[in-house]
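> For reference, the sequence and a predicted model appear below.
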Amino acid sequence: MLARQRQDMILDEVRRTGAVQVSDLVQRLGVSDMTIRRDLDTLAARGAVEKVYGGATSVVDRSTDEPGFEAKSVYQPAEKEAIANRAARLVRPGSAIGLSAGTTTWTLARHLDEVADLTVVTNSVRIADVLQQRGRTDRTVILTGGVRTPSDALVGPVAVRTLHSLHLDLVFLGVHGMSTRAGFTTPNLDESETNRALARAANRLVVVADHAKWSTVGISTIVGLEEADVLISDDGLPEEARRVLGERIAELSIAPVGGEQHEPADTGRGETTRVESEQ
């Protein structure tokens, strides 16, 4: 097979599914790992795909572009693990919590095995499946229902009505982007409405967002920066972003990708935000 034919096949797969992994392409196309990586380099140079760790995804430029779950799952996997590990520490036995749909919150769901007597409300079938497959008998999982989006969120009036009647100790909100101007955003209008209802149900709102979400803006604002009680990100978050977010959010928690150290910081709001990072 000629290189151009192979690259066209790879591009077709990216367009169809939203993402490809090098290991899968090696098996499917019967060529070496290095050959696939060179093909991805060529496609990325043409602006046809975006290279990520272990593969490539479709290019997302517009505020309404919404990658599928598989496409998003290959973005910053180590960062999401670090964020999920930090977020799981906030959950206490006997809590009622909410998890919005998304790959970071899905990762968090897999870190909740040791929490007893947990009630979880989610608008994600994937998260509900993870929680129910863990085999715990002291766990209640409530799925909101609704219409499924490309990113596997359940949204719309059914989901919103369910959430309006609930009161949750903690809500963990995954987002598409965060910025000073737009706050926390999503590319899907219906998902934004559903996530706002979930956020309103929270006694404490925790946003989980890796550093790549900074300065990314979706079409619709879920909540403003000040409405989050806690933001958990990773140590790839730029210093300027940390300064801005620390001034707007009550608690900014930075999860190092490998290793844990603790350092208090002044937020500029007259409060103390715990910024935890690797020095």
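Okay, I see it. Numbers count the residues shown, from 1 in each chain.
> what residues are up against Val14?
20, 48-49, 56-58 (CB atoms under 8 Å, 6 or more residues apart in numbering). Any C-beta I mention is one placed from the backbone N, CA and C, and that applies to glycine too.
> Surely it is within a strand?
No: with DSSP: H, G, I helix; E, B strand; the rest coil as the criterion, Val14 is located in helix rather than a strand.
> can you start the count at 817 instead of 1 from here on
Got it, the first residue is 817 from now on, which makes the last one we talked about Val830.
> Quick check, pLDDT for it.
Looking at Val830, its pLDDT is 83.
> need the helices for the stretch 917-1066 of the chain, in chain order.
In the stretch 917-1066 of the chain, the helices defined using DSSP state H, counting those that start in this stretch lie at 919-925, 941-949, 973-980, 1005-1016, 1055-1064.
> Just give me the neighbour total for the nearest residue to Leu979 once chain neighbours are set aside.
Excluding the flanking residues, the one nearest Leu979 by CB to CB, 6 or more residues apart in numbering is Ala1013, at 3.9 Å. Ala1013 has 20 neighbours, counted by other CB atoms under 10 Å.
> can you check Glu895 too?
Counted with other CB under 10 Å, Glu895 comes out at 24.
> Same check on Arg854?
The tally of other residues near Arg854 (other CB under 10 Å) stands at 14.
> do Val1046 as well
21.
> I'd guessed it sits against Leu906; true?
Yes: using CB atoms under 8 Å, Val1046 makes contact with Leu906 at a distance of 7.4 Å.
> Quickly list what's touching both of those two.
Shared contacts of Val1046 and Leu906, defined by CB under 8 Å, 6+ apart, comprise Val1022.
> still on that earlier bit, what does the model give the residue nearest to Leu979 for pLDDT?
The model reports Ala1013 with a pLDDT of 97.
> Could you measure from it over to Gly910?
Distance, Ala1013 to Gly910, using CB to CB, to the nearest Å: 24 Å.
> Then Val957?
15 Å.
> Isn't Thr921 up against Val1023?
No: using CB under 8 Å, Thr921 is not in contact with Val1023, being 10.3 Å away.
> so what sits against both of the two?
Shared contacts of Thr921 and Val1023, defined by CB under 8 Å, 6+ apart, comprise 988-990.
> quick one: which of these is most hemmed in?
That'd be Phe988 among those, by other CB under 10 Å, with 31 neighbours.
> returning to that earlier point: take the shared contacts of Thr921 and Val1023 and keep only those in strands.
Here DSSP state E is the test, and those give 988-990 as lying in strands.
> follow-up on the earlier one: got the helices of the stretch 917-1066 of the chain as a markdown table, with distance to Ala932 columns?
Formatted as a markdown table, the helices of the stretch 917-1066 of the chain follow (distance: least, CB to CB, whole Å):
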| stretch | distance to Ala932 |
| --- | --- |
| helix 919-925 | 16 |
| helix 941-949 | 13 |
| helix 973-980 | 25 |
| helix 1005-1016 | 23 |
| helix 1055-1064 | 33 |
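> do you know how far His846 is from Gln821?
Not quite, residue 846 is Gly, not His. Between Gly846 and Gln821 the distance, using CB to CB, works out to 13 Å.
> Could you do Ser839 as well?
For Ser839, the distance to Gln821 - CB to CB - is 21 Å.
> Tell me which residues touch Val976, please.
Here Val976 is in contact with 1009-1010, 1013 (criterion: CB under 8 Å, 6+ apart).
> Thr935 now?
Applying CB under 8 Å, 6+ apart to Thr935 gives the contacts 911-913, 955-958.
> Leu1021 too?
Contacts of Leu1021 (CB under 8 Å, 6+ apart): 986-987, 989, 1015, 1039, 1043-1046.
> buried ones in stretch 926-935?
Residues 927-928, 931, 934-935 are the ones in stretch 926-935 that count as buried (16 or more other CB atoms under 10 Å).
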